[in-house]
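Coordinates for the following, if possible.
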Amino acid sequence: QVQLVESGGGLVQPGGSLRLSCVASGNIFSINAMGWYRQAPGKQRELVAAFTSGGSTNYADSVKGRFTISRDNTKNTVYLQMNSLKPEDTAVYYCNALLLLTGRSPVYDYWGQGTQVTVSS
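Take a look at the predicted model:
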């Protein structure tokens, strides 16, 4: 079974920082793409930052210059360093990965369970 497990969420004051981690585990052949989405109450889930299948990175305009996505391919782990946090960054943050389970399998879309980030004074 494949699992994505996030960690690192919590409560932080405006201007503060948090670092999220997501580990993909299980019978994984390769990871095509991996990144972070978020969903605030009453809003749709949106892309925050991600590595594409080509290895480039995409960021939401609202987080450019403040958030940085990185990864450790040896550990199937992706990180999200969040600096200068704002109250509007409050949301549940979800890890997402597009995975191949074998060399001939289709690409499967997996999601983590989410981690809450609350930015408040």
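
what's in contact with the host helix or strand of Ala24?
Ala24 is located in strand 18-25, with elements delineated by DSSP states H and E. Contacts to strand 18-25, defined as Cβ atoms under 8 Å, 6 or more residues apart in numbering, come from residues 2-10, 12, 31, 34, 36, 75-82, 85, 93, 95, 97, 99, 110, 112, 115, 117. Just so you know, the C-beta spots here come from the backbone N, C-alpha and C atoms, and that holds for glycine as well.

where's the nearest residue to Tyr59 once chain neighbours are set aside relative to Gly10, distance?
Leaving out its chain neighbours, the residue that sits closest to Tyr59 by Cβ to Cβ, 6 or more residues apart in numbering is Ala49, at 4.8 Å. Per Cβ to Cβ, to the nearest Å, Ala49 is found 19 Å from Gly10.

Just the CA atoms of stretch 11-24, as PDB, please.
Extracted in PDB, the C-alpha atoms of stretch 11-24 (Å, rounded to 0.1, in the frame of the first residue of the first chain):
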ATOM      1  CA  LEU A  11      -0.200  27.300  15.000                       C
ATOM      2  CA  VAL A  12       2.200  30.100  14.200                       C
ATOM      3  CA  GLN A  13       2.000  33.900  14.500                       C
ATOM      4  CA  PRO A  14       1.900  36.200  11.400                       C
ATOM      5  CA  GLY A  15       5.400  36.600  10.100                       C
ATOM      6  CA  GLY A  16       6.500  33.200  11.400                       C
ATOM      7  CA  SER A  17       7.800  30.100   9.700                       C
ATOM      8  CA  LEU A  18       6.900  26.500   9.400                       C
ATOM      9  CA  ARG A  19       8.300  23.500   7.500                       C
ATOM     10  CA  LEU A  20       6.100  20.800   6.200                       C
ATOM     11  CA  SER A  21       7.300  17.400   5.300                       C
ATOM     12  CA  CYS A  22       5.700  14.600   3.200                       C
ATOM     13  CA  VAL A  23       7.000  11.100   3.000                       C
ATOM     14  CA  ALA A  24       5.800   8.700   0.300                       C
END
